[in-house]
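[1] Provided below are the primary sequence and the corresponding predicted coordinates.
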Amino acid sequence: MWPAWQGLIGYWEDTHLLTYTHGYLILAVTMWLIWRDRDALRGLQPQLWWPGLLVTLGLSLLWYLAWVSGIQVGYLALSPLILVSAAAGAMGPAAVRTLAFPVGYLFFAIPLWGSFNTQLQALTIFGVSLMIRATGVPAFIEGNHVHIPAGTFEIAGGCSGLHFFIVALAVAALYGELGRDRIGVRLKLLALAAVLSVLMNWVRVYTIILQGHLTDMQGYLVRVDHYKFGWALFGVLLVIFFWLARRIVPVTAVELPSAPTQAASADPGRGIAALALSLITMVSGPVLGQAAVRMAKPGVAILSLPDGSGGWVGPGAADMSWMPRYFNPDAVAQGTYTRDASTVNVYLNAYLYQAQGHELVYYKNDVLGGEGWQARSERAASVNLAGGSRFPYVEIEAEAPDGSRWLVGRTQVAGGRVFDRELPSKLYYGFAVLGRKPLSGLVAAAVRCSTECDEARASLQSFFSAHADAMIARIDGAASPPGGG
């Protein structure tokens with residue numbers, strides 16, 4: 001399961017993202033919690049518990065599917081669950097009761113929390129707007145931008161306070177566990193920590209804006225650093241949290257669970273069999289995944305654009321105004337097609353196999369080309385092909401860095417099938433790897449709009465109708481035998 005730990009370490013050491021840099025501390029707390037309950041663990045008898053083994057096998061195979069599909073958040077989240085279920089398969093259901101919280105605590109260091117970022121950002125904009133109006137700071141608030149006489153602040157996604165939110169919840173969860181509190185009390189502690197972290201982030205962002213106003217944008221928090229200031233405020237939050245928590249649940253002596261009595265006659269053979277079967281079920285998915293990735297590397301890739309048809313002439317030289325950015329494709333083909341006064345820019349790529357960082361659907365990939373491009377709208381679209389099949393794609397209306405408007409259509413190809421949505425294409429690829437070596441790739445085309453994009457839309461539809469089948473075939477047949485030219 002090393003790929004999962006490798007992925008986690010990458011997040012924990014990401015000094016640019018900074019959202020999960022508390023990961024090593026969470027891991028240390030997890031190990032300490034297991035050590036704290038060592039007496040209870042020592043009393044567990046190795047025994048075959050078939051429900052635990054079956055759950056472990058199912059989770060391990062899901063781990064395989066997430067791994068070969070490149071769904072990193074999937075195999076990261078499954079890894080702690082596999083550890084707990086494998087322990088239960090080898091030592092019985094009592095292992096779940098003992099290990100559930102310590103191992104589950106790792107979820108505070110797993111990148112599952114990004115879905116809260118948009119909501120926290122919206123709450124921060126709302127709260128800071130209230131504080132600005134209440135204190136009379138001269139400001140005009142437009143979306144997530146705060147305009148003051150001295151300059152403009154953007155309350156971006158990184159200002160949401162997500163890191164503080166996660167750490168506050170982790171502190172509250174640990175506080176409830178140390179007191180062995182009831183579920184109702186623990187939920188109150190989590191709610192208190194969540195509210196305090198949101199309010200603290202409001203104060204943090206408001207203080208930075210206020211200093212910018214009072215110092216004509218020359219204050220330390222504006223020009224130099226405001227990250228450490230956030231953690232200083234977080235220290236104040238902890239003082240308030242612990243003061244209020246003492247009133248929610250008074251501190252009492254906690255009795256640790258006693259170790260179960262060891263059976264007098266334990267069968268060493270059954271214990272060894274239980275451990276061996278648990279290990280086999282735990283690693284079955286990761287081992288299968290590594291084998292599938294190795295088998296899926298069929299050599300080199302050769303990719304070219306099809307000849308023009310349906311009145312379209314091409315392919316011609318690529319228009320460098322639109323350059324999709326995709327990381328580590330095995331082959332790329334790009335060019336233009338013309339018909340009458342219409343020009344369509346086309347981009348194809350192919351991946352012989354997929355792995356983390358070498359995949360068609362990846363958060364760093366961008367069909368628009370990256371910096372300076374802005375997507376204005378996005379909708380599902382499709383055209384009917386000559387054979388009666390349907391070609392679905394996502395239509396994006398975008399603005400280029402030079403202010404021009406473009407219409408971009410893109411879709412994914414996996415194993416010869418077309419997907420306009422990203423998750424189904426990843427899952428289909430994961431299943432397809434079991435039986436063969438599927439190739440995957442991107443079909444994308446872009447047309448520059450004139451005044452409106454209706455003509456560009458018609459050109460895009462006409463081009464896809466005439467060439468979609470040929471482009472899919474080019475991607476699906478991009479692999480040549482090892483050593484091919």
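    Nice, I can see it.

[2] now do the contacts for the residue lying closest to Trp50 once chain neighbours are set aside.
    In space, not counting the residues next to it along the chain, Trp50 is nearest to Gly89; the distance is 7.7 Å by Cβ to Cβ, 6 or more residues apart in numbering. All C-beta atoms are positioned from the backbone trio N, CA, C, and that covers glycine. When contacts are counted by Cβ atoms under 8 Å, 6 or more residues apart in numbering, Gly89 is found next to Leu48, Trp49, Trp50, Gly52, Leu53, Val55, Thr56, Ala274, Leu277, Ser278, Thr281.

[3] I'd like the distance between the residue nearest the centre of the chain and Tyr227.
    In the chain, the C-alpha closest to the average C-alpha coordinate belongs to Val73, at a distance of 5.4 Å (Cα atoms, centre = their mean). Distance check for Val73 against Tyr227: by Cβ to Cβ, to the nearest Å, it reads 25 Å.

[4] low-confidence bits of the stretch 151-300 of the chain, can you list those?
    Low-confidence regions of the stretch 151-300 of the chain, defined by pLDDT under 70, span residues 250-267, 292-299.

[5] switch the cut-off to 80
    Counting by pLDDT under 80, the stretch 151-300 of the chain shows low-confidence ranges at 248-271, 289-300.

[6] residue boundaries of the helices in it?
    Ranges of helices in the stretch 151-300 of the chain, per DSSP state H, counting those that start in this stretch, are 162-178, 183-214, 220-223, 227-248, 268-295.

[7] got JSON lines for those helices, with distance to Trp5 too?
    JSON lines is the format used below for the helices of the stretch 151-300 of the chain (distance: least, Cβ to Cβ, whole Å):
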{"stretch": "helix 162-178", "distance to Trp5": "19"}
{"stretch": "helix 183-214", "distance to Trp5": "27"}
{"stretch": "helix 220-223", "distance to Trp5": "36"}
{"stretch": "helix 227-248", "distance to Trp5": "26"}
{"stretch": "helix 268-295", "distance to Trp5": "11"}
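
[8] can I get the ones you listed in CSV with mean neighbour count?
    As requested, the helices of the stretch 151-300 of the chain are arranged in CSV below (neighbours: other Cβ atoms under 10 Å):
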stretch, mean neighbour count
helix 162-178, 21
helix 183-214, 18
helix 220-223, 15
helix 227-248, 14
helix 268-295, 17
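
[9] helix/strand/coil for Ala446?
    strand (DSSP: H, G, I helix; E, B strand; the rest coil).

[10] check which element follows the helix or strand hosting the residue nearest to the centre of the chain along the chain.
    Under the criterion of DSSP states H and E, Val73 resides in helix 72-91. Scanning the chain past helix 72-91 towards its C-terminal end, the next helix or strand to appear is helix 94-104 (assignment: DSSP H and E).

[11] name the helices or strands packed onto the helix or strand following that following helix?
    Once helix 94-104 ends, the next helix or strand along the chain (criterion: DSSP H and E) is helix 117-135. With contacts defined as 3 or more Cβ pairs under 8 Å, 6 or more residues apart in numbering; DSSP states H and E, helix 117-135 has these neighbours: strand 140-142, helix 162-178, helix 183-214.

[12] any chance of these in a markdown table, plus distance to Phe101?
    Compiled in a markdown table, the helices and strands packed on helix 117-135 are given as follows (distance: least, Cβ to Cβ, whole Å):
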| stretch | distance to Phe101 |
| --- | --- |
| strand 140-142 | 42 |
| helix 162-178 | 6 |
| helix 183-214 | 10 |
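
[13] so which of those is nearest Phe234?
    Within the helices and strands packed on helix 117-135, the stretch nearest Phe234 is helix 162-178; the backing value is 5.6 Å (Cβ to Cβ).

[14] and for that closest one, what's in contact with it?
    18-22, 26, 29, 33, 101, 105, 108, 113-114, 116-117, 120, 185-186, 189-190, 192-194, 196-198, 200-201, 230, 234, 237-238, 241-242, 245, 249, 254.

[15] repeat that for 7 Å
    Contact partners of helix 162-178, identified using Cβ atoms under 7 Å, 6 or more residues apart in numbering, comprise 18-19, 22, 26, 29, 101, 105, 108, 113, 116-117, 120, 185-186, 189-190, 192-194, 196-197, 200-201, 230, 234, 237-238, 245.

[16] Ala386 should be in a helix, yeah?
    No. With three-state DSSP as the criterion, Ala386 is assigned coil and is not in a helix.

[17] quick check: phi and psi at it.
    For Ala386, the backbone dihedrals (degrees, to the nearest 10) come out as phi -60, psi -40.

[18] same check on Glu378?
    Main-chain dihedrals, Glu378, degrees, to the nearest 10: phi -150, psi 140.

[19] quick check: it vs Ala456, distance?
    Using Cβ to Cβ, which is the criterion applied here, Glu378 is 15 Å from Ala456.

[20] compare these two (neighbour count), which wins?
    Set side by side, Glu378 and Ala456 show unequal neighbour counts under other Cβ atoms under 10 Å, the larger going to Ala456 at 24 against 12.

[21] for that one, what are its contacts?
    Leu407, Val447, Arg448, Cys449.

[22] how about Gly316?
    With contact set as Cβ under 7 Å, 6+ apart, Gly316 has these partners: Gly335, Thr336, Thr338.

[23] follow-up on the earlier one: gap between the helix holding Val73 and the chain center?
    Computed by Cα atoms, centre = their mean, to the nearest Å, the chain-centroid distance of helix 72-91 equals 19 Å.

[24] can you dump the C-alpha coordinates of it into CSV?
    What follows is helix 72-91, C-alpha atoms only, in CSV (Å, rounded to 0.1, in the frame of the first residue of the first chain):
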residue,chain,number,x,y,z
GLN,A,72,-6.1,9.2,-5.6
VAL,A,73,-8.6,10.3,-3.0
GLY,A,74,-10.2,6.9,-3.2
TYR,A,75,-7.2,4.7,-2.4
LEU,A,76,-6.0,7.2,0.2
ALA,A,77,-9.4,7.0,2.0
LEU,A,78,-9.6,3.3,1.7
SER,A,79,-6.2,2.6,3.3
PRO,A,80,-7.1,3.2,6.9
LEU,A,81,-10.3,1.2,6.5
ILE,A,82,-8.4,-1.7,5.2
LEU,A,83,-6.0,-1.7,8.1
VAL,A,84,-8.9,-1.8,10.6
SER,A,85,-10.9,-4.5,8.8
ALA,A,86,-7.7,-6.6,8.3
ALA,A,87,-7.1,-6.4,12.1
ALA,A,88,-10.7,-7.5,12.7
GLY,A,89,-10.2,-10.4,10.2
ALA,A,90,-7.2,-11.6,12.2
MET,A,91,-8.3,-10.8,15.8
